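> With the sequence up front, the predicted model follows.
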Amino acid sequence: NLPSRVILKEVGPRDGLQHEKRSVSIANKVTWINMLSDSGLRYIECSSFVSSSWIPALSDAEEVFKQIKRHPDAIYCALVPNVKGMERALASNVDELSVFISASGTHNRKNINKSKQETYPVLDKVIKGSLAEKKRVRGYISMVFGCPYEGEIAIDEVKKICEKLFHLGVYEISLGDTIGIAHPKQVERLLTELKNYFGSLDNFALHFHDTRGLGIANSLVGLQAGIQTFDGSLGGLGGCPYAKGASGNIATEDLAFMLEQMGIATFIQPEALMNAAIFIEKVLNHNLPSHQLNLYKKG
Ligand code: HMG
Ligand code: MG
């Protein structure tokens, strides 16, 4: 019972670049994002409007949004942590905003300097303010499958956070395996519980990091459970600087390859996607972990 098409949401320009030591020029970011939309990706998280002292690599979010060439069918999104971030994002005319909270209180504190309870009123303001401007809001939950500081996370806690986020008005929740610790059985267990509780998985996405090489196995289980939206990062770039041991997201091109081979449409042009991966690898000047990219480079 697999879907006939899947939506791949590209988070590389945000999740991928937030962790990079080498600073990427605005011009290179803009070129890369344009290449991403040219490859057929229709949802791109371009940056975040967070504190520049916390994430220096993305302090140029305004300029990036100003300069990108907007494909009429693509959604250009940004991550925001608070009302100030929302105001900056709205002033930059982002199409859609993402908010985030961690299932682990310790990680939440390290990432945004707040407890979970202190975070909800902030999210409430951000979501209300965005919806008032007719912008949809997506919600991320980090550390859904385990945390380097707190260990395993109870499924009931994840359910509770999902319920709160939907109640606050997000249209979709992206379940984050921030440190790439999830295994297929665990993914199946969580998704079965969420499906039973919420009635369907239509409003859920999966966001895997590939730290232990299980991203593609976990994605397959998600697909079989009914998930139709996956986050990926081109080349497998990425990681959260405030989560010990976090490495890159699952590579968008590896996900796209699996899906297309299985007869599931992504509407992405593989050649154009590969060119975009080669471009950002050159800019960053270090090898990226994606299987497809490395195969391609070997000719
Ligand atoms: P704080 O220090 O508690 O903030 O940080 P504050 O409210 O006390 O403000 C301190 C200063 O920051 C003030 O400036 C504010 O104006 C400024 P000052 O008066 O000192 O000159 N400030 C801002 N500046 C620009 N944009 C803003 C903003 N807000 C405050 N939006 C804060 C709290 C939330 C700001 C900070 O902790 C922060 O920016 N954290 C973001 C960290 C981050 O981006 N982490 C990675 C993303 S999450 C992730 O990777 C997981 C995910 O991928 C899913 C997964 O993988 O699981 C989503
Ligand atoms: Mg992430």
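Perfect, thanks for sending it. Ligands and ions are numbered 1, 2, ... in the order given.
> how close does Y197 get to V170?
To V170, Y197 is 16 Å away according to CB to CB, to the nearest Å. Placement of C-beta: from N, CA and C, glycine included.
> and what of G213?
Counting by CB to CB, the gap from G213 to V170 is 30 Å.
> More neighbours: the two, which one.
V170 (24 against 11; other CB atoms under 10 Å).
> Which helix or which strand is home to the nearest residue to that one once chain neighbours are set aside?
In space, and not counting its chain neighbours, V170 is closest to G139: 3.7 Å by CB to CB, 6 or more residues apart in numbering. Using DSSP states H and E, G139 maps to strand 136-142.
> tilt between whichever helix or strand comes after that strand and strand 136-142?
Following strand 136-142 in sequence order, the next helix or strand is helix 155-168 (DSSP H and E). Per axes from the mean of the first three to the mean of the last three CA atoms, to 10 degrees, the angle that helix 155-168 makes with strand 136-142 is 160 degrees.
> Check which helices and strands helix 155-168 is in contact with.
Secondary-structure packing of helix 155-168 (3 or more CB pairs under 8 Å, 6 or more residues apart in numbering; DSSP states H and E): strand 96-102, helix 116-132, strand 136-142, strand 172-177, helix 184-198.
> Identify each buried residue in that helix, please.
I155, V158, K159, I161, C162, K164, L165, L168 (16 or more other CB atoms under 10 Å).
> Include pLDDT and distance to F267 when you put the residues you listed into JSON lines, please.
Listed next are the buried residues of helix 155-168 as JSON lines, based on pLDDT from 0 to 100; distance: CB to CB, whole Å:
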{"residue": "I155", "pLDDT": "98", "distance to F267": "34"}
{"residue": "V158", "pLDDT": "98", "distance to F267": "31"}
{"residue": "K159", "pLDDT": "98", "distance to F267": "33"}
{"residue": "I161", "pLDDT": "98", "distance to F267": "32"}
{"residue": "C162", "pLDDT": "98", "distance to F267": "28"}
{"residue": "K164", "pLDDT": "98", "distance to F267": "33"}
{"residue": "L165", "pLDDT": "98", "distance to F267": "28"}
{"residue": "L168", "pLDDT": "98", "distance to F267": "31"}
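> How about the residues of the stretch 51-200 of the chain by ligand 1?
Proximity of the stretch 51-200 of the chain to ligand 1, by CB under 6 Å from any ligand atom, involves residues 51, 54-55, 81-82, 84-85, 88, 100, 111-113, 140, 142, 176, 178.
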